[in-house]
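>>> requesting a structural model of the entry that follows:
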Amino acid sequence: MNKKYDYGIVIGRFQPFHLAHQDLIQHAINVSEKVIVILGSARSASDVKNPFTPAMREEIIRACFPAENLEFRAVRDYPYNDHVWTTEIQNNLNEVIEDDGDENPKVAIVGFFKDKSSYYLNMFPQWGFEEFYPHERSFLKINATGIREKYFVENDSWKKQVPEKVANYLNAFTATETFPYLQKEFEYLQKYREDTKFVGVPFKPVFVTTDAVVVQSGHILVIRRGFQPGKGLLALPGGFLQQDLTLEQNAIKELKEETQIKVPVPVLKGSIKASKEFDYPERSQRGRTITFAYYFELESKLKNGLPRVKGGDDAKKAFWLPLSALGEKEDEFFEDHLSIIRHFLGMQ
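Numbering: from 1, shown residues only. Presented below is the predicted three-dimensional model:
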């Protein structure tokens, strides 16, 4: 029997996959010959918001639809460039269509406008749109954030909101080395948000930080974080804005403290080539955090080589990473720091 579409596209993070997600994909199956599931937040470090890799999520979803014609593709997040993100999804669909040898296929995005986070559904006007109308298991009643919160505090009530096979998978995940790390991170973030609440003021705090992107001779200066959040992850040297410093002064201060870089402050000031604010609302799980990043391009000196660095303050380690290694280290970076690097290096 011919269905309404040749390809139905479902986009989501599915962290974790729950009953409303199951209903959504089932609807896509009902109206499409083949369903392409786009898994977001690929190649990112495992954290409280994105605990499961694309491979794990694919395994979970396939277990819920063992006999169905599903194709899975994973895409990175590009919080500062929607055009790159949409292009990556378009290219993935084109690859599937080319492999199948289809000509002029009928394609539709299958989704539900839950809230402002669903804006991406409007970004593919060349395809049709099949709106999914949830019934009893409304997206408004079931959400992945609430499930994760219960999951990390070992509240078994989350099990009622996911398929049985997903519950079994998530139970098994608690026995891995990753789970205690994420659970500890979750507890830290919960306490952090509680401790930083404004008392008697009807709005949430907004934090300001600075970061330093320092490059020389095909290398970039990075740190290995020594404390939560993101303990052990790669990051740019930076920190919260000190009240008596300008943004630029703060960026240089944090750079010197965290890397002990053997470059005089006047030289660092003269090496600033660009700066930009990065204000994606969900860039930090600590709360609304706007960072101002400064791009330092140090002069290459073959005789002296790369400046000596050493981890200090909040940094467990500081070192020069070859730019060619950014790809293989992609899933080790804290928050959106790799996106910041890519911006200044013209990599996205």
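
>>> can you classify the closest residue in space to Glu297 that isn't next to it in sequence by secondary structure?
In space, and not counting its chain neighbours, Glu297 is closest to Lys273: 4.8 Å by CB to CB, 6 or more residues apart in numbering. Placement of C-beta: from N, CA and C, glycine included. At Lys273 the chain is in strand, as set by DSSP: H, G, I helix; E, B strand; the rest coil.

>>> and if you look at Glu154?
Classified using three-state DSSP, Glu154 is coil.

>>> what sits against the residue most central in space within the chain?
Central residue check for the chain by CA atoms, centre = their mean: the C-alpha nearest the mean position is that of Ser41, 4.9 Å away. Applying CB atoms under 8 Å, 6 or more residues apart in numbering, we find Ser41 in contact with 13, 15, 50, 76-77.

>>> save the residues you listed as TSV, and put in pLDDT and distance to Ala175 too.
What follows is the contacts of Ser41, written out as TSV (pLDDT from 0 to 100; distance: CB to CB, whole Å):
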residue	pLDDT	distance to Ala175
Arg13	96	23
Gln15	97	19
Asn50	97	20
Arg76	96	29
Asp77	95	28
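
>>> ok, the residue nearest to Glu297 to Arg283 distance?
Note on Lys273: its distance to Arg283, by CB to CB, to the nearest Å, is 23 Å.

>>> quick revisit: please name the nearest non-neighbouring residue to the residue nearest to the centre of the chain.
Asn50 (4.6 Å).

>>> doesn't that neighbour lie inside a strand?
No - counting by three-state DSSP, Asn50 falls outside a strand, being coil.

>>> end to end, how far does stretch 255-269 reach?
12 Å (CA to CA, to the nearest Å).

>>> and for that stretch, what's in contact with it?
Stretch 255-269 is contacted by residues 212, 214, 221, 223, 237-239, 248, 252, 271, 296, 298, 307-315, 318 when judged by CB under 8 Å, 6+ apart.

>>> mind redoing it with 7 Å?
212, 214, 221, 223, 237, 252, 296, 298, 307-310, 312-315, 318 (CB atoms under 7 Å, 6 or more residues apart in numbering).

>>> among the residues you listed, which ones are in helices?
Ile252 (DSSP state H).

>>> of the contacts of stretch 255-269, which belong to strands?
212, 214, 221, 223, 296, 315, 318 (DSSP state E).

>>> count the neighbours of the residue lying closest to Met123 once chain neighbours are set aside for me.
Distances taken as CB to CB, 6+ apart place Thr86 nearest to Met123, at 5.2 Å, with adjacent residues excluded. Thr86 has 15 neighbouring residues, counting by other CB atoms under 10 Å.

>>> with distance to Ile341 and neighbour count added, can I get the ones in strands among the contacts of stretch 255-269 in a markdown table?
Putting those into a markdown table (distance: CB to CB, whole Å; neighbours: other CB atoms under 10 Å) gives the following:
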| residue | distance to Ile341 | neighbour count |
| --- | --- | --- |
| Ala212 | 11 | 26 |
| Val214 | 10 | 25 |
| Leu221 | 11 | 24 |
| Ile223 | 13 | 27 |
| Phe296 | 12 | 25 |
| Ala315 | 17 | 24 |
| Ala318 | 15 | 21 |
